[in-house]
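*Asks:* Return a 3D structure for these sequence lines:
(one chain, ligands or ions: 2)
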Amino acid sequence: MTSPDANLSLSLPERRAALVQAFQDCRVQTLALFDGMSDSEFREQIDPGYSPLGWHLGHIAYTEAHWLVHKCGGRQLPFPDLERTFHVDGLPKSARGNIPDQDGVRAYARDIRDELLECLETADLDAQERQWRFVLQHECQHAETVSLLLACRDLGGSGFASGPGSKIAPSDIDDIWLEIDGGPVTIGNGTTWALDNEGPEFQVTLAPFRIAPQPVTQAQFAAFMVDQGYRRAELWTDEGWAWRSAEAVVAPLYWSEDAPDSPVAGVSAHEADAFAVWAGRRLPTEFEWEAAAAEAGTGEESFLGQVWQWTSSVFAPYSDFSPWPYAGYSEAYFDGKHRVLRGGSHATLPWALRGTFRNWYTPDTRQLIAGFRLAAD
Ligand code: AVJ
Ligand code: FE
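*Replies:* Numbering: from 1, shown residues only. Ligands and ions are numbered 1, 2, ... in the order given. Predicted structure coming up:
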């Protein structure tokens, strides 16, 4: 689902102004996540798989300093003494609480932002627009990580306490489907919004399939729990069952007793796979998902912005993939161990919300605002 690169019809000053606005709007949303946070929370590592909350803010700023002030702007890297602290290759996640206090990190981010805006005033966007858009989306992704960690923190470490038989009445899976004709579809994104793994565009031919118009809801997932889905090894892959046994998982991470019709969230790909087997359905491939999302469009029926949705696809390069802006961004994860998620969540900031966006995590990850939708042949 490619949209034309609308900004190319704008003048250079208009394109710069659009970027200023986007960077400022994005930053307001990022900083709001930290409002009222104490310094000890700021340095807290909520989950061992993720960096401490405040590190993300420093890393967002460092990434601007490196790519936009230094590389694009041709200036010296601001605050080189903090490079090791906030570079992704600098310190292990467990040591990343060792950062300046919140006021210090906010000041670091503000000073870098001031330099960035100066650089943008004269930036050659014909050459650099993709880089600026990359860094904006980098902030979106780390802001979402902070959001999901705050949601983990607010579980109080207990997750789903009350088990099946809770307030939520189990509900059947609807037999309502979007019927998608087979045939050739274009996959990928050739605009300067695209991250490296979204390109280049190409055609695939899909067999006809059906896909659910909505992600699986909590009430529907409750039916799986009541039917002992978490205890029936035959529903799970071997890897999934080993994971569920080792982690003693009994319910989605972000279970909420108040929202039966909300999409289930905080499930791993293993839970999604087991549910699909139980339901006699399957997950969509990422190409099926993308084609269906394009048909659903951006209105009421949009596939975007509720929860990320696991697909059956392993994260792999499209043909003629070229790593950009550094090999570690996507290529390092083409290891056969990551699965693709599509769609974006309510915590995904708008600059990273589109039908071609590919997210990826290992299938055992449930600290994500992620659910799934079902498909069938
Ligand atoms: C694509 C969301 C898995 O946050 O780990 C951020 C994106 N890469 N900084 C992540 C990313 C470098 C990445 N995900
Ligand atoms: Fe990053």
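
*Asks:* how many other residues sit next to the residue nearest to R96 when sequence neighbours are not counted?
*Replies:* In this structure, R96 finds its nearest non-sequential neighbour in W55, 4.2 Å apart by CB to CB, 6 or more residues apart in numbering. In short, each C-beta sits where N, CA and C put it, glycine included. Using other CB atoms under 10 Å, the number of residues around W55 comes to 27.

*Asks:* Let me see the mean pLDDT of the host helix or strand of W55.
*Replies:* Using DSSP states H and E, the element containing W55 is helix 53-64. Helix 53-64 carries an average pLDDT of 98.

*Asks:* repeat for stretch 81-92
*Replies:* 96.

*Asks:* List the contacts of that stretch.
*Replies:* 55, 58-59, 61-62, 66, 77, 96, 98-100, 108, 328 (CB atoms under 8 Å, 6 or more residues apart in numbering).

*Asks:* Which of those residues are buried, as a PyMOL select command?
*Replies:* Here is the PyMOL selection string for the buried members of the contacts of stretch 81-92, based on 16 or more other CB atoms under 10 Å:
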select buried, resi 55+58+59+61+62+66+96+99+100+108
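
*Asks:* Contact partners for the residue in the stretch 51-200 of the chain positioned nearest to ligand 1?
*Replies:* Of all residues in the stretch 51-200 of the chain, Q141 sits closest to ligand 1, at 4.4 Å by CB to the nearest ligand atom. When contacts are counted by CB under 8 Å, 6+ apart, Q141 touches A352.

*Asks:* Can you give me the buried ones in the helix or strand containing it?
*Replies:* Assigned by DSSP H and E, Q141 belongs to helix 125-153. Buried residues in helix 125-153, counted by 16+ other CB under 10 Å: 125, 128-152.

*Asks:* picking that back up, which of the contacts of stretch 81-92 sit farthest apart?
*Replies:* P100 and G328 (25.1 Å; CB to CB).

*Asks:* Name the surrounding residues that touch the helix holding W55.
*Replies:* 30-31, 34, 37, 41-44, 46, 51, 82-83, 85-88, 96-97, 99-100, 102, 105-106, 108-109, 112-113, 116, 135, 138-139, 142-143, 145-146, 149-150.

*Asks:* Repeat that for stretch 293-301.
*Replies:* With CB under 8 Å, 6+ apart, stretch 293-301 has contacts from M1, L178, I180, V185, P213, S302, F303, L304, R342, G343, G355.

*Asks:* distance between the ends of stretch 300-314?
*Replies:* 29 Å (CA to CA, to the nearest Å).

*Asks:* That one and ligand 1, any residue contact?
*Replies:* No - Stretch 300-314 lies apart from ligand 1 when judged by CB under 6 Å from any ligand atom; the minimum separation is 9.5 Å.

*Asks:* So which bits of that stretch are buried?
*Replies:* Under 16+ other CB under 10 Å, the buried positions of stretch 300-314 are F303, L304, Q306, V307, W308, Q309, W310, T311, S312, S313.

*Asks:* What are the phi and psi values at the third one?
*Replies:* In terms of degrees, to the nearest 10, the main-chain angles of Q306 are phi -100, psi -70.

*Asks:* Name the nearest residue to it, ignoring sequence neighbours.
*Replies:* Using CB to CB, 6+ apart and skipping the chain neighbours, the partner closest in space to Q306 is P263 (5.2 Å).

*Asks:* roughly how far apart are the one you found and R27?
*Replies:* Computed with CB to CB, to the nearest Å, the distance linking P263 and R27 is 28 Å.

*Asks:* Just want to know which of the two has more residues nearby.
*Replies:* When P263 and R27 are compared for neighbours, P263 comes out ahead with 26 against 19, by other CB under 10 Å.

*Asks:* For that one, which residues count as its bridge partners?
*Replies:* T217 (DSSP bridges).

*Asks:* measure it to R15 for me?
*Replies:* 36 Å.

*Asks:* For E129, see how far away the closest residue to L10 other than its chain neighbours is.
*Replies:* Using CB to CB, 6+ apart and skipping the chain neighbours, the partner closest in space to L10 is A18 (6.9 Å). Per CB to CB, A18 is found 10 Å from E129.

*Asks:* Ignoring the adjacent residues along the chain, who's closest to A347?
*Replies:* S147 (3.8 Å).
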